[in-house]
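Enquirer: Just the structure for this:
(chains A and B)
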Amino acid sequence: MSKKSIGSIIVLMLAICIFAGSAYADKTMNTDIAIVGGGTSGLAAAVQAIQGGAKVIVLEKQAKVGGTGNFCEGIFAAESKMQKRQGIIVTKEFAFKTIMDYSHWLANARLVRAIVDKSPETLDWLNDLGVQFEYIGPGGPGGALTWHVIAPGPDYPHKDKTDFHCSRMINVFNKYILANGGQILLQTPGVDLIKEKGKVVGVVAKDKSGETIRINAKAVIVATGGFANNKEMMQKYAPYPDVIPVGQIGKDGDGIKMAWSAGAGEEGVRVMQAYRPGLRGFGPADHMIGAAVQPYFWVDPRGVRFTDESTVVLWPYSGNALEKIGGTMYSIYDDATRRFMVEKGIQLQLGEWILQGTKLTKLDETFNKELAKKNGNVFKANTIEDLAQQLGMNPSVLKASVDEYNQMVSMREDTMFFKKREYLRPVATPPFYATKLNPRHLGTLGGVKINEKTEAVTQKGDPIPGLYVVGTDAGGMYGDSYDLLLGGGTAAFALNSGRIAAENAIQYMKK
Amino acid sequence: MNVYRLSFLALLLVFGALFIGHAFALESKHSGRGLVCADCHQASSPAKAASEKACITCHGDYQKVAALTRALHANPHDSHLGPMDCTKCHKEHRASEISCLECHNQFEFKNK
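Expert: Now for the predicted structure:
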């Protein structure tokens, strides 16, 4: 063989090696703490970890950080400085007992205690980072004032939604992490935990181009936000699998599945964050839905009234009531009520989405557009009998329900379900409008069993060294239903569990 | 001879794959303008999906595309989801999807 051909063979082999190398070699990164998921809990953990002196890598599946944290408005706390200043008495003891009693003591008492205890200091921490609060509201009108609603950021005095409410907090976290040496890898989900000798020592990620990255870490914090978009898991665990997700994208249960396969136990995986009833494709601020969820006159598919409509004040209740009748209801109002909502404004505020007294000026347009599409979502008729026929109900059943209801309205007393009289409005002036409503939710609320340090634990309760699970990937805060008695609970759990995880991970690293 | 038969079969396979690829692409706007598989996939018989770089090279980056759709009632290229992969909505070999509609069905975007 000539020297030339030997040379070309060597070149060829080198080329093959380089090509094969680039195609198959895992990129490797090293860090102190790897955080899987860059939503409220993951970013809070990252900030806390950086403040504690740790090197941090955050993996985020989406093209932007924040996850569902971009859609919330406020945060629960008990005994905060702001509450004290305004004379609002919500003690830690009251909060703890409220949460435990609501869960029928199915919640993890030590975890609940840890979250409640940390809650006021977390608001101070946010304040120091540059997050201000606008006011303190309740979970539902009349409830305890715990929901510390975040004010617009200084760069956006006109309440730009990219820097208002929880998005403001996400912005602040994102900037802090990037300015202080943290790394955030976007469109790079974590896919698997690395476990060696019983300890979690890193995570495998996959970047946008499909290349795998091995991240060696001293501890891993899992914060992927639940499994609302995972059809199989929803089918298996959700009490009503077809529940419409709001503000959920890419929530495939990644974190829960990887923690379970690393040996973690299961807790609270069936708890969903039930929301006000609605329709697929209509956002929380939609005027047609805003009108339909006013607490006036709701019937099941047979035409029978099934709930005190004002359960929508504490929407997990109306969500449960709706799931119980099979997941389909119709909200019916007459033309006088329609005019009242359009001209005078709504009675029941929908959180920060549609404020109290807002005139539903887009109601007619949205309703008529949907009516013209004939999707079977909205109906209009000049008589109750005609409406019943359109809804596939026995006209005499719906007529009887309307007559009975109007009778109670004229007496100013709901003798059936004891609804407050301020919500009693007759169904008498044609035309009549009906809107179909189905269960919605704001995400899943459980999955991995953790302890009060947010360490992932086995079903027996033994910690898995190096693994922390936070936010809505973790169970333990609820019994069977989402708790709205103390507003801002989910965001507060995300923040406080994230911070607790970072603090404990740093302690663990130092051992 | 075996070698000839094999190479003939291999050639048939390669051309077959190219032809099938072409038949699909011909239906799209891109191939109508003379683009071939390799223009997006960097390979004449692609094994992997095209990367976003291919889109950006001709159409410009997210900011440029966002400027084109600024007049719409909601700007799909400047959304709260950030700069998603172009191919999340725009599909080359099957019907495009409008991801926004999953949650906002009141949006009225034309499928492009």
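Enquirer: from here on, contacts and neighbour counts on C-alpha atoms
Expert: Fine.
Enquirer: give me the number of residues near residue 93?
Expert: By default, I'm working from chain A. Counted with other Cα atoms under 10 Å in any protein chain shown, the neighbours of A:Glu93 add up to 13.
Enquirer: wait, I meant chain B there
Expert: As a burial measure, B:His93 scores 12 neighbours (other Cα under 10 Å).
Enquirer: Could you report the separation of it from chain A?
Expert: Computed as Cα to the nearest Cα, to the nearest Å, the B:His93 to chain A distance reads 19 Å.
Enquirer: So the residue most central in space within chain B: helix, strand or coil?
Expert: Taking Cα atoms, centre = their mean, the centroid of chain B lies closest to B:Glu92, which sits 3.7 Å from it. Secondary structure, DSSP: H, G, I helix; E, B strand; the rest coil: B:Glu92 is coil.
Enquirer: Distance-wise, check it relative to chain A.
Expert: 18 Å.
Enquirer: pLDDT value on that residue, please?
Expert: At B:Glu92, the pLDDT value in this model is 85.
Enquirer: Spatially nearest residue to residue 74 (excluding sequence neighbours)?
Expert: Using chain A here. Nearest in space to A:Gly74, with sequence neighbours left out and distances taken as Cα to Cα, 6 or more residues apart in numbering or on different chains, is A:Val149 at 3.9 Å.
Enquirer: sorry, should have said chain B
Expert: B:Phe107 (7.4 Å).
Enquirer: What is the burial count for that neighbour?
Expert: Using other Cα under 10 Å, the number of residues around B:Phe107 comes to 17.
Enquirer: That one against B:Leu72, yeah?
Expert: No: the pair B:Phe107 and B:Leu72 does not pass the contact test of Cα atoms under 8 Å, sitting 9.6 Å apart.
Enquirer: returning to that earlier point: which residues touch the residue nearest to A:Gly74?
Expert: A:Glu73, A:Gly74, A:Ile75, A:Phe133, A:Glu134, A:Tyr135, A:Ile136, A:Gly137, A:His165 (Cα atoms under 8 Å, 6 or more residues apart in numbering or on different chains).
Enquirer: Next one: the residue of the stretch 301-450 of chain A at minimum distance from chain B from A:Ile289, what distance?
Expert: Here the residue of the stretch 301-450 of chain A nearest chain B is A:Thr366; by Cα to the nearest Cα that distance is 8.3 Å. Distance, A:Thr366 to A:Ile289, by Cα to Cα, to the nearest Å: 9 Å.
Enquirer: Looking at these two, which is more packed in?
Expert: Neighbour totals were compared for A:Thr366 and A:Ile289, and A:Ile289 leads with 23 against 15 (other Cα under 10 Å).
Enquirer: low pLDDT regions in the chain?
Expert: Assuming you mean chain A. A:1-25, A:155-160 (pLDDT under 70).
Enquirer: That was the other one, I meant chain B.
Expert: B:1-4, B:6-28, B:111-112.
Enquirer: so what's A:Leu322 up against?
Expert: A:Pro277, A:Thr328, A:Met329, A:Asn438, A:Pro439.
Enquirer: Pretty sure it sits in a helix.
Expert: Yes: applying three-state DSSP, one finds A:Leu322 inside a helix.
Enquirer: residues contacting A:Ser331?
Expert: With Cα under 8 Å, 6+ apart as the criterion, the residues that contact A:Ser331 are A:Ala292, A:Val293, A:Tyr296, A:Phe297, A:Trp298, A:Val299, A:Ala434, A:Thr435, A:Lys436, A:Leu437.
Enquirer: Give me the distance between it and A:Pro395.
Expert: Taken as Cα to Cα, the span from A:Ser331 to A:Pro395 is 16 Å.
Enquirer: Per the annotation, how does the chain divide into domains?
Expert: Going with chain A. For chain A, automatic domain parsing gives the domain ranges A:29-271+A:445-510, A:277-441.
Enquirer: try chain B instead
Expert: B:1-48, B:49-112.
Enquirer: sorry, back to before: which element is the residue of the stretch 301-450 of chain A closest to chain B on?
Expert: Using DSSP states H and E, A:Thr366 maps to helix A:363-373.
Enquirer: what residues does that helix touch?
Expert: Contacts of helix A:363-373 (Cα under 8 Å, 6+ apart): A:His287, A:Met288, A:Ala291, A:Val342, A:Asn377, A:Val378, A:Phe379, A:Lys380.
Enquirer: In those, find the pair that's most separated.
Expert: The span of those, defined through Cα to Cα, is set by A:Val342 and A:Asn377 at 20.2 Å.
Enquirer: quick one, which of those two is more surrounded?
Expert: A:Val342 (20 against 17).
Enquirer: Spatially nearest residue to that one, not counting backbone neighbours?
Expert: A:Leu360 (4.5 Å).
Enquirer: And for A:Leu43?
Expert: A:Phe173 (6.1 Å).
Enquirer: which stretches of chain B form helices?
Expert: Here chain B has its helices, by DSSP state H, at B:2-26, B:29-32, B:37-41, B:52-59, B:62-68.
Enquirer: which ones are touching residue 61?
Expert: Picked chain A for this. Contacts of A:Lys61 by Cα under 8 Å, 6+ apart are A:Gly37, A:Leu186, A:Gln187, A:Thr188, A:Pro189, A:Gly190, A:Gly250.
Enquirer: Pull out the buried members of the residues you listed.
Expert: For the contacts of A:Lys61, a burial check counting by 16 or more other Cα atoms under 10 Å in any protein chain shown picks out A:Gly37, A:Leu186, A:Gln187, A:Thr188, A:Pro189, A:Gly190, A:Gly250.
Enquirer: So the last one sits against A:Gly226, correct?
Expert: No: in this structure, A:Gly250 is not within contact of A:Gly226 by Cα under 8 Å, at 9.5 Å.
Enquirer: related to what we said a few turns ago, filter the contacts of helix A:363-373 down to just the ones in helices.
Expert: Among the contacts of helix A:363-373, DSSP H puts A:His287, A:Met288, A:Ala291 in helices.
Enquirer: any chance of these in JSON lines, plus distance to chain B and neighbour count?
Expert: Shown next, in JSON lines, are the ones in helices among the contacts of helix A:363-373 (distance: Cα to the nearest Cα, whole Å; neighbours: other Cα atoms under 10 Å in any protein chain shown):
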{"residue": "A:His287", "distance to chain B": "11", "neighbour count": "25"}
{"residue": "A:Met288", "distance to chain B": "11", "neighbour count": "23"}
{"residue": "A:Ala291", "distance to chain B": "16", "neighbour count": "25"}
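Enquirer: JSON lines for those residues, including distance to A:Ala474?
Expert: Output for the ones in helices among the contacts of helix A:363-373, formatted as JSON lines (distance: Cα to Cα, whole Å):
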{"residue": "A:His287", "distance to A:Ala474": "34"}
{"residue": "A:Met288", "distance to A:Ala474": "35"}
{"residue": "A:Ala291", "distance to A:Ala474": "35"}
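Enquirer: For the closest residue to chain B within the stretch 201-350 of chain A, which residues are in contact?
Expert: Closest residue of the stretch 201-350 of chain A to chain B, Cα to the nearest Cα: A:Gly281 (4.4 Å). For A:Gly281, the contact set (Cα under 8 Å, 6+ apart) comprises B:Leu101, B:Glu102, B:Cys103, B:His104, B:Asn105, B:Gln106.
Enquirer: No more questions from me, cheers.
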